[in-house]
Structures are given as C-alpha cells and as structure tokens.
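**Q** predicted coordinates and the sequence they were generated for:
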Amino acid sequence: MGAAGAAGEPAIDLAHLARMTLGDHALEREVLALFCRQTDTLIARMGEVEPSGVAALAHTLKGSARGVGAWPMARAAEAVETAPPAELAQALASLVTVAGETRTAIAGMLNPA
C-alpha cells in the first residue's frame, strides 16, 4: 500500500496535523520538515543495526508518524516493528517505499508550485 493508503487516504492527515499544531501553519511546516529528517535518519539506521535493533527504531518512527498524521507510514513502520525475521526485509522495503511517497507529499506541501 502506498502513501495514498486505503481508499485514497492522504500521506498526511492535515486535520490531525492542524490539531496537533493548534492550527499554526509555520509550526506545521517546521514539524513536517523535522519529521522528514527524522524519517531519513531512522530508516538509514535500520540498515546499519542488527535485526533485533530494527524494531525499536521502527517503533520510534511509528510514534512520530502518528504524531503528524502520517497514517500510512505509521502502519508501514508498525509492520516493520512486528515483522518476523523472515519477513523483515519485505517490511523494510515497503516502509522505504511509503517513506519516499510521504516525503514527496510533504515536499509538495512545503514547496507548493
């Protein structure tokens, strides 16, 4: 499932983000930029640690994604967090795909044409 998620679900739930930032658009932009940087860092670290350490990183990413309303990414991170060893590589590949799609959506929000 891509960043659009089920039934056209957006990469970022803007209503949720607005609630979390009290409608402060400058804060929304700052939070989204930080989220993108954190996503890149955590996913990179997932590739550097032992499989046993991946779940903790995925858990952190899941919480951050939920905080900004990135529901598809939160689900992908949860799939990594709970993946059995034989399915971890596929779950990570899916997370990387969803993260890229989410980053693209956020870039469009931060830098509208």
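**A** Thanks, I have it. What you are looking at is a predicted structure, and each value in this text was computed from that prediction instead of being measured.

**Q** residues in contact with the helix or strand where Arg19 lies?
**A** In this assignment (DSSP states H and E), Arg19 forms part of helix 14-20. Contacts to helix 14-20, defined as C-beta atoms under 8 Å, 6 or more residues apart in numbering, come from residues 28, 31-32, 67-69. Where C-beta positions appear, they are placed from N, C-alpha and C, glycine not excepted.

**Q** what sits up against the next helix-or-strand element following it?
**A** Of the helices and strands lying after helix 14-20 in sequence (DSSP H and E), the nearest is helix 25-46. With C-beta under 8 Å, 6+ apart as the test, helix 25-46 has contacts from 12, 17-18, 20-21, 54, 57-58, 60-61, 64-65, 67-68, 70, 73, 80, 92, 95-96, 99, 102-103, 106-107, 109-110.

**Q** and those, which of them are in helices?
**A** Judged by DSSP state H, the contacts of helix 25-46 include 17-18, 20, 54, 57-58, 60-61, 64-65, 67-68, 73, 80, 92, 95-96, 99, 102-103, 106-107, 109-110 as members of helices.

**Q** below-threshold pLDDT in this structure: ranges please.
**A** 1-7, 113 (pLDDT under 70).

**Q** rerun that using 90 as the cut-off
**A** Counting by pLDDT under 90, the ranges of the chain that qualify are 1-9, 51-52, 111-113.

**Q** and stretch 92-106, how far from the chain's centre?
**A** 7 Å (C-alpha atoms, centre = their mean, to the nearest Å).

**Q** how far does stretch 11-30 sit from the chain's center?
**A** Counting by C-alpha atoms, centre = their mean, stretch 11-30 comes out at 15 Å from the chain centroid.

**Q** what's the neighbour count on Asn111?
**A** 7 (other C-beta atoms under 10 Å).
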